[in-house]
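Visitor: sequence unknown, structure follows:
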């Protein structure tokens, strides 16, 4: 990770790659280093375990995880693992809704309920949503994180 820059990991269903690329491009223009699987994992040549290691390292190297949630996200085993791993590492998670009529349910509903969520389902409000996202990122707590997995408050 570049010195002085916050790396942001993007967790999303491949069906929403374009939505997340647009958000990533916006954040990159505002000085943030972004990590997306589509751009950072080679399309061929890696085994499943090698891919998992690459993703785990990217999450470890990130201070923020943006979750682009939708019904396909909820149904994805890989997305579930990314979310749970990010929580276990006490990452600052920012869920962004990407599917207009979707109301989070199941494991995802339980998880995102604990976070400040943004809605990116209305393209005419993209700039407003991104302004709010930047505000959340800039004001993220630096010394306290609540670990939902263990129910403990971690100070560091």
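Guide: Looks like it arrived, so ask away. The shown structure was predicted, so the numbers you read here are calculated from the model rather than taken from an experiment.
Visitor: which SS class is the nearest residue to residue 100 once chain neighbours are set aside?
Guide: Counting by C-beta to C-beta, 6 or more residues apart in numbering, residue 100 lies nearest to residue 121, which is 4.1 Å off, once chain neighbours are set aside. In this view, the C-beta of every residue, glycine as well, is placed from N, C-alpha and C. Secondary structure state of residue 121, per DSSP: H, G, I helix; E, B strand; the rest coil, is coil.
Visitor: dihedrals phi and psi, residue 121?
Guide: Dihedral angles phi and psi of residue 121 (degrees, to the nearest 10) take the values phi -90, psi -10.
Visitor: tell me how many other residues surround it.
Guide: By the measure other C-beta atoms under 10 Å, the count of residues near residue 121 is 16.
Visitor: mind pulling up the pLDDT for it?
Guide: At residue 121 the predicted local confidence, pLDDT, stands at 93.
Visitor: same check, this time on residue 51
Guide: In this prediction, residue 51 has a pLDDT value of 89.
Visitor: wait, it touches residue 42, no?
Guide: No - taking contact to mean C-beta atoms under 8 Å, the distance of 9.2 Å between residue 51 and residue 42 leaves them out of contact.
Visitor: those two: who's more crowded?
Guide: residue 51 (14 against 9).
Visitor: so who does the nearest residue to the more buried one once chain neighbours are set aside touch?
Guide: Counting by C-beta to C-beta, 6+ apart, residue 41 is the residue found nearest to residue 51 once chain neighbours are left out, at 6.1 Å. When contacts are counted by C-beta atoms under 8 Å, 6 or more residues apart in numbering, residue 41 touches 51, 54, 55.
Visitor: ditto for residue 85
Guide: Residue 85 makes contact with 56, 59 under the criterion C-beta under 8 Å, 6+ apart.
Visitor: Provide the secondary structure category for it.
Guide: Local secondary structure at residue 85 is given as helix here, using three-state DSSP.
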